[in-house]
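S.K.: quick one: sequence and predicted model below, then my questions.
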Amino acid sequence: MAAADGDEDWEICNCDGFVYKRRRVLHPPDLEDAAATAATSSAPGPPPEAVLRRRRRQALLRLRARYLDELSRWESLSSDVLAPLPAAPAADLPPRPPSDPVAASPPPGSSSSSSDLTVIDGLLAQAEVTEQLLKRLTEVCDEIDEFCHAHEAALVDAVTDLPVWGDPRELMNSLCSPAELPVCGDPREVMSSLCSPGEKPVSGTN
């Protein structure tokens, strides 16, 4: 019974999600209205789902702003790339004497046509330079092929001219020194020339 009375002296409080236990305070009758007003004023905060929705919406708004910024930068870059090339200055163009005042007056839209012609002339010049470069590269490749063929033919000739493809005796003569050359003649005379006087065979009759 005493334990039950001890439990009744404590109360559980929830303060913005922080749950704790404190001793129960007995409010006097004249303070009950103030306590009720304080309890209603300290209403619980928004549910967790609302908080998550608000955070998700803020994250999406930040991501949208970042994508819009990147998209604007890409649009400005593409506009710079697709912008027409500037027209050539008038100083680079040869002067033309006006023969007819009516013909000398430029028709409407002549500036755009002249800029188009300038662009076409530049592209043609680039194509001619590329053609000359490719032609020079082709000539260099042909010269390298001829050099390789000549070097290969020289190697084949050097291999076919080796003594190994000739007479074996001539090959042995070319590989041996004069003292090591084989002796041709009667085998007995060769043996006599190679042996000392004490080692010479004695010829006799049976």
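M.R.: Done, it's in.

S.K.: what element comes up after the longest helix belonging to the chain heading to the C-terminus?
M.R.: Using DSSP state H, we find that the single longest helix of the chain is helix 110-160. Downstream of helix 110-160, the next assigned helix or strand under DSSP states H and E is helix 168-175.

S.K.: what's the average pLDDT for that next one?
M.R.: When pLDDT is averaged along helix 168-175, the result is 75.

S.K.: give me the buried positions along that helix.
M.R.: The neighbour-count check on helix 168-175 (16 or more other Cβ atoms under 10 Å) flags nothing as buried. For the C-beta atoms, the positions are set from N, CA and C on the backbone; glycine is no exception.

S.K.: packing partners for that helix?
M.R.: If you count contacts as 3 or more Cβ pairs under 8 Å, 6 or more residues apart in numbering; DSSP states H and E, helix 168-175 packs onto no helix or strand.

S.K.: can I get it in PDB, CA atoms only?
M.R.: The C-alpha coordinates for helix 168-175 follow below in PDB (Å, rounded to 0.1, in the frame of the first residue of the first chain):
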ATOM      1  CA  PRO A 168      80.600 -27.000 -96.900                       C
ATOM      2  CA  ARG A 169      84.300 -27.200 -97.500                       C
ATOM      3  CA  GLU A 170      84.500 -23.500 -98.300                       C
ATOM      4  CA  LEU A 171      82.500 -22.900 -95.200                       C
ATOM      5  CA  MET A 172      84.900 -24.900 -93.000                       C
ATOM      6  CA  ASN A 173      87.900 -23.100 -94.600                       C
ATOM      7  CA  SER A 174      86.300 -19.700 -93.800                       C
ATOM      8  CA  LEU A 175      85.600 -20.700 -90.200                       C
END
